[in-house]
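[1] Could you look at this predicted model? Sequence included:
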Amino acid sequence: MKRFGFIAVLLMLPGFLWAHPLNQAQDATLPETPGTVEPVRDLPPAEIIRQFSTKETEFYEAWMQYAYHQVAEVQINSVNGLPTREKMTTTSDVVFNNDGSRDILIRRRAGGLHSVIYTMEDEEVINNLQPFALTEKELPAYDLTYKGKEKVDELNCYVFSVTPKSLKGKKMLFEGKIWVDDRDLQIVRTIGKPVPQKKNNQFPEFETIRQMIDNKYWFPVWTHAESDLHFRTDTVHIEETITYSDYKRFQSKTTIQMVSPNN
């Protein structure tokens, strides 16, 4: 059986959306090819890593306190070179219940897939979006190699390759590159794929774009992947896009009642 997976990894990142309103996220396109530039400040790679991992920890904790709107589109463009018209779109909202717990409400699902199997695991990953973040807790699992300095759009960035130290165990890890803004020292762009890959459950390479929310946190607004997935008997060309919008921080509702001293 052919299965696909889509990890919406939140080592996210900006392209041209950095200077655009959040409601334009669904019109995102791939950012222009970055060019080499000298950053504003020149820190040792070890210090850059230490500081951005601290920011990633803050990001992850803040992310879990926000509600948002999400649209996930999966399209099969071809199977073994033959064009297809398979497409599935899922629209959902991440909301908070009265008790403060976070939940996913599926608003609409349209279309369907026939050439691959859409599993409960895929549903869980797309809807719950457990973000892959290089937090202080996750950092020891990876080797990071400094690759130089690049400019993407208006941001000057440090670039690192990221490789898991070990692929043993069942946990899905990330392999690819990250771009770190040299001013905020936050990860602003990620290109890579989940590993390890399995013959019958594969994941395409993705790019994720972040945008600053509430003038503080870089949250994802767009994730895109397009790859040929090579299964045992078929090659499936798949394209996947997730857009995120309408971020709102959860605020608990409390009621204060005046009590008479005589009660």
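    Perfect, I can see it now.

[2] Quick one: neighbours of residue 170, just the number.
    Per other C-beta atoms under 10 Å, the neighbour tally for residue 170 reads 5. Every C-beta, even on glycine, is put in place using the N, C-alpha and C of the backbone.

[3] if I read this right, residue 113 contacts residue 73, doesn't it?
    No - assessed by C-beta atoms under 8 Å, residue 113 is found out of contact with residue 73, at 11.3 Å.

[4] what is in contact with the two at once?
    When contacts are counted by C-beta atoms under 8 Å, 6 or more residues apart in numbering, residue 113 and residue 73 are jointly contacted by 87, 88.

[5] State whether residue 56 is indeed within a helix.
    Yes - when classified by DSSP: H, G, I helix; E, B strand; the rest coil, residue 56 is found to be part of a helix.

[6] That one: neighbour count?
    Counted with other C-beta under 10 Å, residues neighbouring residue 56 total 26.

[7] Equivalent analysis for residue 210, please.
    28.

[8] helices and strands around the particular helix or strand that has residue 212 in it, which ones?
    In the assignment (DSSP states H and E), residue 212 maps to strand 206-213. Secondary-structure packing of strand 206-213 (3 or more C-beta pairs under 8 Å, 6 or more residues apart in numbering; DSSP states H and E): strand 187-195, strand 217-230.

[9] Residue 211: which of those strands is closest?
    With C-beta to C-beta, the closest approach to residue 211 among the helices and strands packed on strand 206-213 belongs to strand 217-230: 4.5 Å.

[10] Just the C-alphas of that closest one, formatted as CSV.
    Output of strand 217-230 as CSV, limited to C-alpha atoms (Å, rounded to 0.1, in the frame of the first residue of the first chain):
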residue,chain,number,x,y,z
TYR,A,217,6.7,35.5,17.3
TRP,A,218,7.5,34.1,13.9
PHE,A,219,4.6,31.7,13.1
PRO,A,220,4.0,29.7,10.0
VAL,A,221,1.7,31.1,7.3
TRP,A,222,2.5,28.8,4.4
THR,A,223,4.0,25.4,3.9
HIS,A,224,4.5,23.8,0.5
ALA,A,225,5.9,20.5,-0.8
GLU,A,226,6.1,19.1,-4.3
SER,A,227,8.0,15.9,-5.0
ASP,A,228,8.1,12.5,-6.8
LEU,A,229,7.5,9.8,-4.2
HIS,A,230,9.0,6.5,-5.3
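
[11] Good, wrapping up.
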